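1. Predicted coordinates and the sequence they were generated for:
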Amino acid sequence: MSTVPSGGNRPRSAARSPALTPPADAIAPVRHPDAPAPGELLGSHYAHCFGCGDEQPHGLHLQARAGEGVSITAEFTVRPSHQGAPGLAHGGVLATALDESLGALSWLLRVVAVTGKLETDFVRPVPVDSVLFLAAEATAVSGRKIFCSATGRLGSPEGPLALRADALFVEVKVDHFIDNGRPEEIRAAMADPDQVRRARAFEVNP
Ligand SMILES: CCCCCCCC(=O)SCCNC(=O)CCNC(=O)[C@H](O)C(C)(C)COP(=O)(O)OP(=O)(O)OC[C@H]1O[C@@H](n2cnc3c(N)ncnc32)[C@H](O)[C@@H]1OP(=O)(O)O
């Protein structure tokens, strides 16, 4: 069953960019047999990640849980440091929370993927101290392209819809990070056995 309501007040597909519509020959996403069980906390893919890292003091500290199929849920508490306007969350921070939730789907597919395109609807203002209940789901796969959607609801998983996103993630090899990341952090990550283990867990064909 889908955990991402297509809902909101108008049909999402009416406004979506063509690049975010899966091609006719796209296939349904397949949950990897070794994916974490529904309800299991996924943990951070990188301790210094702005979205989910435990060791990132400026980060969002998002904690995602595996859902059914290829879906996750996550909670994000909006802090005063996340403000854009007085007492309200910054839109870019909210987009980051959606991006991170969508990125967490990689744990269920067991592929390494990065955001290629992220389209966000900001449906309602999100006050500081709100708890946003995020739900993300992969909807289709076409070659290296993973189509996915997410929502953010205020106060509870059934609360008022505040955010909605559609995204295209593109599968990459671990070399994507090794070739492009700053050497200092890459060296540190490769020297950390836990980080190497996490990277391997995402790779189907290491
Ligand atoms: C490890 C998990 C981390 C999770 C953290 C949360 C997620 C993130 O924030 S990731 C960080 C932000 N994202 C990035 O830095 C990505 C930067 N971009 C890139 O590196 C490249 O553009 C990349 C990898 C997306 C695609 O490049 P490349 O590998 O050369 O593939 P490319 O051939 O261009 O594209 C593959 C397919 O995707 C499509 N595609 C790629 N980007 C887009 C886009 N922006 N819009 C539409 N389609 C796109 C292409 O059209 C192509 O489609 P088709 O196969 O039908 O021809």
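-> Received it, and whenever you're ready, just let me know what you need. Since the structure is predicted, the reported quantities are computational estimates derived from the model, not experimental observations.

2. For this structure, which segments count as strands?
-> Using DSSP state E, the strands found in the chain span residues 63-66, 71-77, 113-122, 131-142, 145-154, 161-171.

3. out of the ones you listed, deepest packed?
-> strand 145-154 (a mean of 24; mean count of other C-beta atoms under 10 Å). C-betas here are computed from N, CA, C, even on glycine.

4. angle of it against strand 131-142?
-> Calculated by axes from the mean of the first three to the mean of the last three C-alpha atoms, to 10 degrees, strand 145-154 forms an angle of 160 degrees with strand 131-142.

5. could you say what helices and strands strand 145-154 packs with?
-> Contacting strand 145-154 under the criterion 3 or more C-beta pairs under 8 Å, 6 or more residues apart in numbering; DSSP states H and E are the following elements: helix 91-103, strand 131-142, strand 161-171.

6. Count residues in the vicinity of the residue nearest to residue 190 when sequence neighbours are not counted, would you?
-> Nearest non-adjacent residue to residue 190, counting by C-beta to C-beta, 6 or more residues apart in numbering: residue 196, 6.6 Å away. Look at residue 196: counted by other C-beta atoms under 10 Å, it has 13 neighbours.

7. what about residue 123, distance to the ligand?
-> In this structure, residue 123 and the ligand are separated by 22 Å, where distance is defined by C-beta to the nearest ligand atom, to the nearest Å.
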